[in-house]
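1. please find the sequence and the predicted model below.
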Amino acid sequence: MSNEHAADTGEAIVARSRAGLACERSLFPALASQLVYLDAAASTLVPQSVLDAVSSVYTEGLTGVHRGVHARASSATLKFEAARSQIAYACGARADEVVIGRGTTESLNMLSHGLAATRLGPGDEVLASELDHHANIVSWQLVAAKYGARVILTPVDADGVLAQDAVLARINDRTKIVALPHVANTTGAVLDARPIAKAAHRKRAVLVLDGAQAFRTLEISVRELECDAYVFGAHKAYGPNGVGVLVGSDALLSELPPMQGGGHMVHAVHSHAPPELAKVPACHEAGTPNLEGVLGFAAAIAYLASARRRGALAHERNLTAELERGLRSLPFVRVLGAPAQRVGIVSFAIGAVHAHDAATFLDERCIAVRPGLMCAQPFFERLGVRDALRVSLSTHSQQTELDRLFSALVSLHEFFS
Ligand code: PMP
């Protein structure tokens, strides 16, 4: 074990975690109030450094990414490409393997539209799961039907767990694409992706991983995951809205027909001949990019790296166990899903109380959680749950906030009984 790794274990983490707690909350302007923010899985709050990076685009007058030669355009282009390199570094990829778009949903749709055209035919299958977000189900369902292909959802078991065997058993000669969540948005379950990647590759299928909920908590290496494509967005990882990332190998990005046409994605355009496309990744980035969002995301990645050094991510993982333990100790709460490994997210149902009523009750006590079906209807249908509440943690989450949540849930139960 390297010294650096040794410094990331045991007492060092506990000590840094305590120190981190003291400062983490103060970095987030929205937490100046008494707010208990437990909705990171919907969107994280942003630290001041991200706000500064976003506003610098306007205060410095940065315009014309990839388009101009004046000083501000050149600076905008340099900063944009430096941000791409930072994003790539953060997931163990090369900069030219990173396509920057507008959100995880858009990245998944780029993949579904492109790969359906190149890979799907009558009788073929796309294998997803009941643990997937609608973005990774519907995007495939909409296109598969056009090619006579089907989307198969691997069921979760009675405990809400996606068993690896169940996924492996469904990969067969008809499977062309496997698309799964790296971390589930309902249970925080972490997927052991490599065996699935290997099984998919044996059948010449590609593995797409939805990393929307993973990027803010796990250290990502697309090489170690052995996936063919990895997608995530900025707004669930301490960055701004409107930035999505698609990481793909050169082979996959070259295979993918561009979903949108426009400026920057073409090398040459003719009146009487098809356009000559730019090289990857540019051919997938039509139109003027969201410079402030991308620079904000680079600042968020820098924040995440420093939070990791302070032990805030390890602290968040430890707090996940406390969250689950505390919820399971409440007799009127049904925790949904019991994955072997989960990070930062727990969903639960509370008997007859409607989730929206429950979330409103908590909001009146300045506790923000997410009610409903979390864009994951097949999961809740399988468990026979009408609606649920989801609690999701951030680097700034604290045990005292969980204690406030647990005692508010007891009051809620008494109020509605
Ligand atoms: N996948 C997962 C697992 C998600 O949690 C979400 C957002 N809830 C998405 C995809 C879609 O992300 P976005 O809305 O940012 O496009």
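-> Alright, I've got the coordinates.
2. now do the residue of the stretch 201-350 of the chain found nearest the ligand against Cys366, distance only.
-> Proximity to the ligand, evaluated over the stretch 201-350 of the chain using Cβ to the nearest ligand atom, is greatest for Ala212 at 3.5 Å. Any C-beta I mention is one placed from the backbone N, CA and C, and that applies to glycine too. Computed as Cβ to Cβ, to the nearest Å, the Ala212 to Cys366 distance reads 27 Å.
3. quick revisit: contact partners for the nearest residue to the residue of the stretch 201-350 of the chain closest to the ligand once chain neighbours are set aside?
-> Distances taken as Cβ to Cβ, 6 or more residues apart in numbering place Thr104 nearest to Ala212, at 4.4 Å, with adjacent residues excluded. By Cβ atoms under 8 Å, 6 or more residues apart in numbering, the contact list for Thr104 reads Ala135, Asp210, Ala212, Val231, Phe232, Gly233, Lys236, Gly244.
4. what do you get if the cut-off is 10 Å, keeping everything else the same?
-> Shown in contact with Thr104 (Cβ atoms under 10 Å, 6 or more residues apart in numbering): 133, 135-136, 210-213, 215, 231-236, 243-246.
5. among those, which lie within strands?
-> Asp210, Val231, Phe232, Gly233, Gly244, Val245, Leu246 (DSSP state E).
6. near the ligand too, which of these?
-> Under the cut-off given by Cβ under 6 Å from any ligand atom, the ligand has Asp210, Gly233 from the ones in strands among the contacts of Thr104 close to it.
7. any chance of the ones in strands among the contacts of Thr104 in JSON lines, plus neighbour count?
-> Shown next, in JSON lines, are those (neighbours: other Cβ atoms under 10 Å):
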{"residue": "Asp210", "neighbour count": "29"}
{"residue": "Val231", "neighbour count": "31"}
{"residue": "Phe232", "neighbour count": "28"}
{"residue": "Gly233", "neighbour count": "27"}
{"residue": "Gly244", "neighbour count": "25"}
{"residue": "Val245", "neighbour count": "27"}
{"residue": "Leu246", "neighbour count": "28"}
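8. which of the ones in strands among the contacts of Thr104 lies closest to Arg404?
-> Gly233 (29.1 Å; Cβ to Cβ).
9. for the closest one, name its beta-bridge partners.
-> On the basis of DSSP bridges, Gly233 is bridged to Gly244.
10. how about the contacts made by it?
-> 43, 101-107, 135, 211-212, 215, 239-245, 293, 297.
11. same check, this time on Arg102
-> So Arg102 contacts Gly233, Asn241, Gly242, Val243, Gly244, Gly287, Pro289, Asn290, Gly293 (Cβ under 10 Å, 6+ apart).
12. and if you look at Ala278?
-> Counted by Cβ under 10 Å, 6+ apart, Ala278 has contacts Pro258, His264, Met265, Val266, His267, Ala268, His284, Glu285, Ala286.
13. which residues of the stretch 151-300 of the chain lie near the ligand?
-> Pro181, Asn185, Asp210, Ala212, Gln213, Gly233, His235.
14. hmm, 8 Å instead?
-> Residues of the stretch 151-300 of the chain lying near the ligand by Cβ under 8 Å from any ligand atom: 181, 183-185, 210, 212-213, 231, 233, 235-236, 241, 244.
15. tell me the two of those residues that are most distant?
-> It's Ala184 and Asn241 that sit farthest apart of those, by Cβ to Cβ, at 22.1 Å.
16. look at these two and report which has more neighbours.
-> Between Ala184 and Asn241, counted using other Cβ atoms under 10 Å, the more crowded position is Ala184 (33 against 14).
17. was I right to think the more buried one contacts Asp132?
-> Yes. Counting by Cβ atoms under 10 Å, Asp132 is a contact partner of Ala184 at 7.9 Å.
18. relative to Glu414, how far out is Gln260?
-> 53 Å.
19. okay, those two: which has more neighbours?
-> For Gln260 and Glu414, the more surrounded residue by other Cβ under 10 Å is Gln260, and the numbers stand at 13 against 9.
20. mind listing what the more buried one touches?
-> Gly101, Glu106, Met110, His113, His284, Glu285, Ala286, Gly287.
21. ChimeraX command for the buried members of the residues you listed?
-> In ChimeraX, a selection of the buried entries from these looks like this (16 or more other Cβ atoms under 10 Å):
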select :101,106,110,113,284,285,286
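22. max pairwise distance over the contacts of Gln260: which two?
-> By the measure Cβ to Cβ, His113 and Gly287 form the most distant pair in those, at 16.4 Å.
23. coming back round to it: closest to Ala349 out of the contacts of Arg102?
-> Nearest to Ala349, judged by Cβ to Cβ, of these is Gly233 at 27.6 Å.
24. any idea how far the closest one is from Thr44?
-> 11 Å.
25. shared neighbours, these two?
-> Common neighbours of Gly233 and Thr44 (Cβ under 10 Å, 6+ apart) are Gly239.
26. rewinding a little: give me the common contacts of Ala184 and Asp132.
-> Leu162, Asp210, Ala376, Phe379.
27. which members of these are positioned in strands?
-> Filtering the shared contacts of Ala184 and Asp132 for strands - DSSP E - leaves Asp210.
28. can you tell me which of the shared contacts of Ala184 and Asp132 is nearest the ligand?
-> Asp210 (4.6 Å).
29. now the closest one: how far from Val280?
-> Plainly put, Asp210 is 21 Å away from Val280 if you go by Cβ to Cβ.
30. all strands for the stretch 301-417 of the chain, in order.
-> 334-336, 345-349, 367-368, 370-372, 388-392 (DSSP state E, counting those that start in this stretch).
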